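S.K.: below are the sequence and a predicted model; questions follow.
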Amino acid sequence: MTLVAGPGPGVREVVVTELEMTAPGLLRPGRAPAVEATLVRAGRPAPELSRFFYRAVGGDWYWLDRLDWTYDQWRAWVGSPGHELWSCWVDGVPAGYAELDRQPGGDVELAYFGLLPGFAGLGLGGWLLTRAVERAWQVEGTRRVWVHTCDLDSPTALANYRARGFVPCGTTVEHRDVSAPSPGPWRGSR
Ligand SMILES: CC(C)(COP(=O)(O)OP(=O)(O)OC[C@H]1O[C@@H](n2cnc3c(N)ncnc32)[C@H](O)[C@@H]1OP(=O)(O)O)[C@@H](O)C(=O)NCCC(=O)NCCS
């Protein structure tokens, strides 16, 4: 999904929705997942882990912007002040992740969030989002938690944010080149 200047062949209008939560009491926790899951915070900057989840989670959903990032770019991202990576594990297997980004003025962005393809539909998405938002509110000085999603993300992404208490606070329209299918987490089929 490459960002382009305007309409053209293979180009699709993509609606990007920003959502926010302005008080911790607005969080509506998700149901308990159908599987036992563990959440682990990366205790040191882990560029490989961040890149792994970006590809494994976003491969089916046109997360293309960072595919050509260099090691130094990944290192700068995970090493930036206020960055946190939380990974979710089921039976010793990585199942999903959340990356938080503390920003000036008390904003915490849920910058990246999602599950690996085999873990959708088990109640993990609602649970993981609940844990990520709880953590965001624990960060000192948080006044607003926000996230953006677009209509190329999973069809249940927006519903999950709304179900947890996020409220839409803005939309923008971008033009994205979707002439090639999303490459998936793997080369070739899986
Ligand atoms: C979006 C995603 C996190 C949902 O995870 P999931 O484990 O399938 O979702 P859950 O079963 O926990 O359900 C969470 C919420 O999603 C919504 N949802 C789930 N399945 C749904 C369905 N079939 N129809 C409508 N809404 C649905 C509901 O709002 C639900 O909350 P509720 O049970 O309190 O009503 C997951 O599909 C995913 O990671 N997708 C790929 C990456 C992505 O799109 N990430 C978001 C980028 S912004």
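M.R.: Cool, got the structure. Values in this document were obtained by computation on a predicted structure and should not be read as measured data.
S.K.: find the closest residue to the ligand in the protein.
M.R.: Nearest residue of the chain to the ligand (CB to the nearest ligand atom) works out as residue 125 at 2.0 Å. Where C-beta positions appear, they are placed from N, C-alpha and C, glycine not excepted.
S.K.: which residues does the nearest residue to that residue once chain neighbours are set aside contact?
M.R.: Leaving out its chain neighbours, the residue that sits closest to residue 125 by CB to CB, 6 or more residues apart in numbering is residue 160, at 5.3 Å. Residue 160 sits next to 30, 125-126, 129 when contact means CB atoms under 8 Å, 6 or more residues apart in numbering.
S.K.: and the protein, which residues reach the ligand?
M.R.: 30-31, 57, 61, 113-115, 120-126, 149, 153-154, 156-157, 159-160, 163 (CB under 6 Å from any ligand atom).
S.K.: go with 5 Å
M.R.: For the chain, the contact set with the ligand under CB under 5 Å from any ligand atom comprises 114-115, 120-121, 123-126, 149, 153-154, 156-157, 159-160, 163.
S.K.: so of these, which ones are in helices?
M.R.: Applying DSSP state H to the residues of the chain next to the ligand, the entries found in helices are 124-126, 157, 159-160, 163.
S.K.: list the residues that contact residue 161.
M.R.: Per CB under 8 Å, 6+ apart, neighbours of residue 161: 19, 129, 147, 149.
S.K.: which elements pack onto the helix or strand the second one falls within?
M.R.: Pointing back at residue 129 there. Taking DSSP states H and E as the definition, residue 129 sits inside helix 124-138. Helix 124-138 is packed against strand 83-90, strand 93-103, strand 107-115, strand 144-150, helix 157-163, with contacts defined by 3 or more CB pairs under 8 Å, 6 or more residues apart in numbering; DSSP states H and E.
S.K.: state the next helix or strand along the chain beyond the last one.
M.R.: Towards the C-terminus, the helix or strand next in line after helix 157-163, according to DSSP H and E, is strand 167-177.
S.K.: list buried residues within the residues of the chain next to the ligand.
M.R.: Buried by 16 or more other CB atoms under 10 Å: 114-115, 120, 123-126, 149, 153-154, 157, 160, 163, out of the residues of the chain next to the ligand.
S.K.: parallel or antiparallel, which strands does the helix or strand bottoming out on mean pLDDT in the chain pair with?
M.R.: Least confident helix or strand, the chain: strand 2-4 with a mean of 76, by mean pLDDT, DSSP states H and E. Applying DSSP bridges, strand 2-4 is found paired with strand 167-177 (antiparallel).
S.K.: in the strand it pairs with, what's buried?
M.R.: Buried residues in strand 167-177, counted by 16+ other CB under 10 Å: 175-177.
S.K.: which two among the ones in helices among the residues of the chain next to the ligand are spaced furthest apart?
M.R.: Greatest spacing in those, by CB to CB: 124 and 159 (14.7 Å).
S.K.: and residue 172, how far from residue 14?
M.R.: The gap separating residue 172 from residue 14 is 9 Å, by CB to CB, to the nearest Å.
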